[in-house]
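Asks: give me a 3D structure for the following:
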Amino acid sequence: MTKYSRKFLAEHEADLELYRAAQAEMRSLLGGAKLPKMDVLKEEGRKLTAKKKQLYGEYQKARRDMQEIVTIKANIDTLMGYTEPGRKQEKER
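Replies: Alright, predicted model coming up:
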């Protein structure tokens, strides 16, 4: 425990108790592990952002491909007469 002057301790004792309680709680939550440094967190954030951008591009391509497939299916259904209610005929020739 750090030694404080009597005057400082008298003025800030409540704040110091809150700090110590918060510090003890953080130690229990972390289970003895230390918090990562800000540089490490920033680098991890940059990596995650780059991966998100790449995956979003793949998602957009898959979405466009799927929309094209849905449009083709709708066109085929229309040509085959499947979209008209009560008229589900298969035309075989």
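Asks: burial of I69, as a residue count?
Replies: 10 (other CB atoms under 10 Å). C-beta here means a position set from N, CA and C on the backbone, and glycine is covered the same way.
Asks: now do S5
Replies: That count, for S5 with other CB under 10 Å as the rule, works out to 8.
Asks: what do you get for T83?
Replies: For T83, the count of nearby residues is 13 (other CB under 10 Å).
Asks: all helices of this protein, in order?
Replies: For the chain, the helices defined by DSSP state H cover 6-30, 38-80.
Asks: by mean pLDDT, show me the worst of those helices.
Replies: With a mean of 89, helix 6-30 has the lowest mean pLDDT of the helices of the chain.
Asks: in that one, what counts as buried?
Replies: Using 16 or more other CB atoms under 10 Å as the test for burial, helix 6-30 gives no buried residues.
Asks: quick one: stretch 10-21 to chain centroid distance?
Replies: Centroid separation for stretch 10-21 versus its chain: 37 Å, with CA atoms, centre = their mean, to the nearest Å.
Asks: and what of stretch 46-65?
Replies: 13 Å.
Asks: over to stretch 8-18?
Replies: Averaging C-alpha positions (CA atoms, centre = their mean) puts stretch 8-18 40 Å from its chain's average.
Asks: and what of stretch 33-53?
Replies: Relative to the centre of its chain, stretch 33-53 is centred 13 Å away, using CA atoms, centre = their mean.
Asks: show me the contact partners of that stretch.
Replies: The contact list for stretch 33-53, computed with CB atoms under 8 Å, 6 or more residues apart in numbering, is empty.
Asks: kindly format the C-alpha coordinates of it as CSV.
Replies: Output of stretch 33-53 as CSV, limited to C-alpha atoms (Å, rounded to 0.1, in the frame of the first residue of the first chain):
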residue,chain,number,x,y,z
ALA,A,33,-4.5,-11.6,-16.5
LYS,A,34,-3.3,-8.2,-17.5
LEU,A,35,-5.3,-5.9,-19.9
PRO,A,36,-3.8,-5.8,-23.4
LYS,A,37,-1.9,-2.8,-24.5
MET,A,38,-3.6,-0.2,-26.7
ASP,A,39,-1.3,-0.9,-29.6
VAL,A,40,-2.2,-4.5,-29.6
LEU,A,41,-5.9,-3.7,-29.5
LYS,A,42,-5.6,-1.2,-32.3
GLU,A,43,-3.7,-3.8,-34.5
GLU,A,44,-6.4,-6.4,-33.8
GLY,A,45,-9.1,-3.8,-34.7
ARG,A,46,-7.3,-3.1,-38.0
LYS,A,47,-7.1,-6.8,-38.8
LEU,A,48,-10.8,-7.3,-38.0
THR,A,49,-11.8,-4.3,-40.1
ALA,A,50,-9.8,-5.6,-43.1
LYS,A,51,-11.4,-9.1,-42.7
LYS,A,52,-14.8,-7.5,-42.4
LYS,A,53,-14.3,-5.6,-45.7
